[in-house]
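>>> build me a model from this:
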Amino acid sequence: MAQDKSPGLDAAYALKTPDDNRALYAGWAETYDETFAAAMDFLMPGHVVRIFSDLGGAGPVLDAGAGTGQVAAAFDAQGLRDIDAVDLSPEMLDVARGKGLYRHRLVADLTQPLPLESGIYNGVVSSGTFTHGHVGPEALDELMRVAAPGALFVLTVKTEHFEERGFDAKFSGFGEAIRDFKKFSLPIYGPAAQGPHRSDEGLVVSFRKV
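Take a look at the predicted model:
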């Protein structure tokens, strides 16, 4: 049997720049669902969708850092389909396009101004984007801009980044611009996961834009 040459979690955690991200996911897109999401029993997309649903979230929804559409697939099972995707990797979004789960797909850097109108989304979700070598709290301002008043946010944040990368300070800095802030610590991977990260936990934060 040929050895699997797909990139892995350690390679993703070692990323430093947007160009690093583009290069890694260009080569990983076609096998990402099998070699990572399925192989590691990745739970975060399901956590995001469950919490969004439990808190009464509604579309239209922006999936920030959508990748191959793991979050949209979980939404689809619940019948919510007015979802748009934004991701840095065109190759990952090409895989998502093949699943037919998004209304629109936008290749863009979340740390830069987005070519989207203000206040057009009733929900903003993200799974696996605010993590090692990916996106920091600077992206939250643009996500707030494109969200409508009352929009529900449900985002995953790598646990050790919450304070180290300034997410805690960023959310506190929003002050009265957000309400109903909640933070959940949940397992990132299910029982089928193997390797040193199999017991990792991550944070899911939720809040509404005022």
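>>> so what's residue 61 up against?
Residues counted as contacts of residue 61 (CB atoms under 8 Å, 6 or more residues apart in numbering) are 52, 75, 80, 82, 83, 84, 121, 122, 123, 124, 125. Every C-beta, even on glycine, is put in place using the N, C-alpha and C of the backbone.
>>> tell me the one of these nearest residue 142?
Nearest to residue 142 out of the contacts of residue 61 is residue 124 (CB to CB; 10.1 Å).
>>> residue ranges with poor pLDDT in the protein?
Counting by pLDDT under 70, the chain shows low-confidence ranges at 1-29, 131-134.
>>> what about the helices in it?
Ranges of helices within the chain are 9-13, 18-28, 32, 44-54, 70-76, 90-99, 140-146, 161-164, 167-174, based on DSSP state H.
>>> nearest to residue 209, of those helices?
That would be, of the helices of the chain and by CB to CB, helix 140-146, which comes in at 6.1 Å.
>>> mind listing residues that contact that closest one?
So helix 140-146 is contacted by 62, 64, 110, 112-114, 116-121, 124, 153, 170, 174, 177, 209 (CB under 8 Å, 6+ apart).
>>> list the buried residues for that helix?
Going by neighbour count (16 or more other CB atoms under 10 Å), the buried part of helix 140-146 is 140, 142, 143, 144, 146.
>>> do you know how far the second one is from residue 198?
Spatial separation of residue 142 from residue 198 under the definition CB to CB, to the nearest Å is 33 Å.
>>> likewise the fourth one?
Computed as CB to CB, the residue 144 to residue 198 distance reads 34 Å.
>>> what about stretch 92-112, how long is it end to end?
19 Å (CA to CA, to the nearest Å).
>>> surely residue 86 and residue 106 touch.
Yes - contact between residue 86 and residue 106 holds when scored by CB atoms under 8 Å: they sit 4.5 Å apart.
>>> joint contacts of these two?
Contacts common to residue 86 and residue 106, judged by CB under 8 Å, 6+ apart, are 114, 116.
>>> list the beta-bridge partners for residue 42.
Residue 42 has the following beta-bridge partners by DSSP bridges: residue 189.
>>> what sits against it?
36, 70, 128, 188, 189, 190.
>>> got it, and residue 147?
Residue 147 neighbours (CB under 8 Å, 6+ apart): 62, 119, 121, 122, 123, 124, 153, 209.
>>> report the two of those residues separated the most.
Greatest spatial distance in the contacts of residue 147: 119 and 153, 13.9 Å, computed using CB to CB.
>>> of those two, who's got more company?
residue 153 (27 against 14; other CB atoms under 10 Å).
>>> state the distance from that one to residue 188.
Residue 153 is 19 Å from residue 188, by CB to CB.
>>> and what of residue 127?
Distance from residue 127 to residue 188, by CB to CB: 10 Å.
>>> anything in contact with each of the two?
residue 44.
>>> who's more crowded, those two?
residue 127 (28 against 25).
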